[in-house]
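Asker: Next come a sequence and a model predicted from it.
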Amino acid sequence: MADTQPPMSHEDSIDSQDPNTHPDTKKKSRRPANTAFRQQRLKAWQPILTPKTVLPLFFAIGIIFAPIGGGLLYASAVVQEIIIDYSSCYSDAPTWPTWDALPTDGDKYVSHFTSNSSNGDYKPTSPMWSQNQTGLQDALGNNITSCYLKFGIPNEMKPPVLFYYKLAKFYQNHRRYAKSFNTDQLSGKAVSEKTIHSSDCTPLTTTKVNNVSLPYYPCGIAANSQFNDTFYNLTLQNVPRSSDTERPYNMTKKGISWSSDKKLYGDSKYNWDEVAVPPNWVTKYGTSYNDTNHPDLVNDEEFQVWMRLAGLPTFSKLAQRNDHEVMEHGDYIVRIDHNFDVTEYGGTKSIIISTSTVMGGKNPFLGIAYVVVGGICIVLGALFTVTHLIRPRKLGDHTYLSWNNDGTGGGAATTGRNGVLAGEGRA
């Protein structure tokens, strides 16, 4: 019996190995789509820089920037201000009512006033200081030391008159410091102890009170380190054109924060026995809050100003202002209660009394920058114009291209190519 050949299966057939038998099979490809964007064929325009376009541009920038810079410098120059460093008043000043000259070396005392001949024979008093314990105590019963500063204002200062405090070597821009607060808590939400404990408020998140863990309100080192010296109204001594021996120059703490900042704060939903007082706030509120003694962050503009963090270690923040009354020339005394110790970190604290313009306070930097840029553009424009007139260069001239210059490499390669081509031509 002859052997029968097994039938050929479909898988072993020649047709099954032919790719043309599966026309629907698509090959995978990583080639980008044929579009102008994917194939980098987008239309583009690049200006051709010629002397006729560049030189007028230099002069135009200079003509525009220089006057703007001059205006900014003038606006800064008309601002009147006085800066007094009182960091060591509580240790170096004599006891009230004795006065002593305030150190004026370095930047401990700086004043900028415009000349004014309407003040008669008045000569401003050299800055002096004194310190005293007035009998006032903080919430913990500690005696408060007050610093008295006496200084002269040679010219009247028209409103708005702004009163700032200035701190040096205080790094609000440190990353951990800048993150150390809770937005929900500040907006009024009763954030739970568990949430605060794991928040960015570290290391001041929660604490044990009567064996119960409570969140700080407000939590974080930014709020805890709030500047808390107390400033009082200035008092004018021997009032000019009056029989009064003194007259207060009233200032207010209303209107010192930005309207956008006020929207970030809300009335707290906490019960006051559910939160703890931050360590540095106990001198103001004591060891616990209650219904009559608690922070009102919605209306506490000093706190709102402090929480707008500064980008540099030396900064000033608005403390109070007068938008209506002229500050007359004469001798003034201001009292400051000492609460914020800057000696712990080697910093300084000062007061600034200043006027303002539409461009802000005294800061000539922006004006100088505009004038310098304008001057450089005009000088460069003049130099390029003279060069273009004396040694003009034809547009599209290839003379200065690297491969046209004689040198090692470029010239030899060119000569070699020419030689080969010449040889091929002769052959």
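Answerer: Here it is on my side, so go on.

Asker: Share the number of residues neighbouring the nearest residue to P364 once chain neighbours are set aside, please.
Answerer: Nearest in space to P364, with sequence neighbours left out and distances taken as Cβ to Cβ, 6 or more residues apart in numbering, is S76 at 4.6 Å. For glycine as for every other residue, the C-beta is placed from the backbone atoms N, C-alpha and C. By the criterion of other Cβ atoms under 10 Å, S76 has 20 neighbours.

Asker: So S76 lies in a helix, does it not?
Answerer: Yes - counting by DSSP: H, G, I helix; E, B strand; the rest coil, S76 falls inside a helix.

Asker: okay, it: pLDDT?
Answerer: If you check S76, the pLDDT there is 94.

Asker: Spit out the contact partners of it.
Answerer: Contact criterion Cβ atoms under 8 Å, 6 or more residues apart in numbering gives 357, 359, 362-364, 367 as the residues in contact with S76.

Asker: So it versus P215, what's the distance?
Answerer: Note on S76: its distance to P215, by Cβ to Cβ, to the nearest Å, is 45 Å.

Asker: gap between stretch 280-287 and the chain center?
Answerer: With Cα atoms, centre = their mean, to the nearest Å as the basis, stretch 280-287 stands 30 Å off its chain's centre.

Asker: Span of that stretch from start to end?
Answerer: 10 Å (Cα to Cα, to the nearest Å).

Asker: Residues touching that stretch, excluding its own?
Answerer: Taking Cβ under 8 Å, 6+ apart as the rule, stretch 280-287 contacts 138-140, 142, 224-226, 228, 277, 293-295, 339.

Asker: change it to 6 Å
Answerer: The contact list for stretch 280-287 (Cβ atoms under 6 Å, 6 or more residues apart in numbering) reads 138-140, 224, 277, 293.

Asker: Same check on stretch 123-139?
Answerer: Stretch 123-139 is contacted by residues 84, 89-90, 93-94, 96, 99, 101-102, 109, 143-152, 154, 283-284, 286, 331 when judged by Cβ under 6 Å, 6+ apart.

Asker: what about burial for the residues you listed, which qualify?
Answerer: With neighbours counted by 16 or more other Cβ atoms under 10 Å, the contacts of stretch 123-139 contain buried members at 84, 89-90, 93, 96, 102, 109, 145-152, 154, 283-284, 331.

Asker: Could you tell me which of those residues belong to helices?
Answerer: 89-90, 283-284 (DSSP state H).

Asker: Would you check which pair of those lies furthest apart?
Answerer: Pairwise distances across these peak at 21.0 Å for C89 and K284 (criterion: Cβ to Cβ).

Asker: got the residue ranges for the strands in the chain?
Answerer: For the chain, the strands defined by DSSP state E occupy 81-85, 100-101, 109-112, 128-137, 143-153, 161-168, 206-209, 212-215, 230-231, 234-237, 246-249, 315-322, 330-337, 348-354.

Asker: Name the spans of the stretch 301-427 of the chain whose pLDDT lies under the cut-off.
Answerer: For the stretch 301-427 of the chain, the stretches flagged by pLDDT under 70 are 404-427.

Asker: if we go to 50?
Answerer: The stretch 301-427 of the chain contains residues with pLDDT under 50 at 409-427.

Asker: now the stretch 51-200 of the chain
Answerer: Using pLDDT under 50, the stretch 51-200 of the chain has no residue that qualifies.

Asker: from the contacts of S76, which is closest to D184?
Answerer: Of all the contacts of S76, D184 sits closest to N363, with 35.9 Å by Cβ to Cβ.

Asker: Can you give me the neighbour number for that closest one?
Answerer: Number of residues near N363 (other Cβ under 10 Å) recorded here: 13.

Asker: re the thing from before, of the ones in helices among the buried ones among the contacts of stretch 123-139, closest to V326?
Answerer: Among these, C89 lies closest to V326 (Cβ to Cβ), at 28.1 Å.

Asker: who are the neighbours in contact with the closest one?
Answerer: Contact analysis of C89 by Cβ under 6 Å, 6+ apart lists 129, 131, 147.

Asker: circling back: would TSV of the strands of the chain with distance to R391 be doable?
Answerer: Shown next, in TSV, are the strands of the chain (distance: least, Cβ to Cβ, whole Å):
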stretch	distance to R391
strand 81-85	52
strand 100-101	65
strand 109-112	49
strand 128-137	67
strand 143-153	61
strand 161-168	54
strand 206-209	76
strand 212-215	75
strand 230-231	66
strand 234-237	66
strand 246-249	67
strand 315-322	52
strand 330-337	65
strand 348-354	53
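
Asker: so which of these comes closest to L72?
Answerer: Across these, L72 has its closest neighbour in strand 109-112 (15.7 Å, Cβ to Cβ).

Asker: how about that closest one as PDB, C-alpha atoms only?
Answerer: The C-alpha trace of strand 109-112 is given here as PDB (Å, rounded to 0.1, in the frame of the first residue of the first chain):
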ATOM      1  CA  TYR A 109      20.300 108.800  60.700                       C
ATOM      2  CA  VAL A 110      19.500 109.900  57.100                       C
ATOM      3  CA  SER A 111      17.300 112.900  56.000                       C
ATOM      4  CA  HIS A 112      16.400 114.200  52.600                       C
END
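
Asker: partner strands of that strand, parallel or antiparallel?
Answerer: Strand pairing for strand 109-112, using DSSP bridges, gives strand 81-85 (antiparallel).

Asker: hmm, back to that, can you select the buried ones from the contacts of stretch 280-287 in PyMOL?
Answerer: This is how PyMOL selects the buried members of the contacts of stretch 280-287, with burial counted by 16+ other Cβ under 10 Å:
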select buried, resi 138+224+277
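
Asker: ok, of the contacts of stretch 280-287, which one's closest to Y345?
Answerer: The shortest approach to Y345 among the contacts of stretch 280-287 belongs to N224, at 14.2 Å (Cβ to Cβ).

Asker: So the closest one is in contact with C201, correct?
Answerer: No - N224 is not in contact with C201 according to Cβ atoms under 6 Å; the separation is 9.5 Å.

Asker: now the contacts of stretch 280-287 as a markdown table including distance to K269?
Answerer: Formatted as a markdown table, these follow (distance: Cβ to Cβ, whole Å):
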| residue | distance to K269 |
| --- | --- |
| D138 | 28 |
| A139 | 24 |
| L140 | 28 |
| N224 | 21 |
| V277 | 18 |
| N293 | 18 |
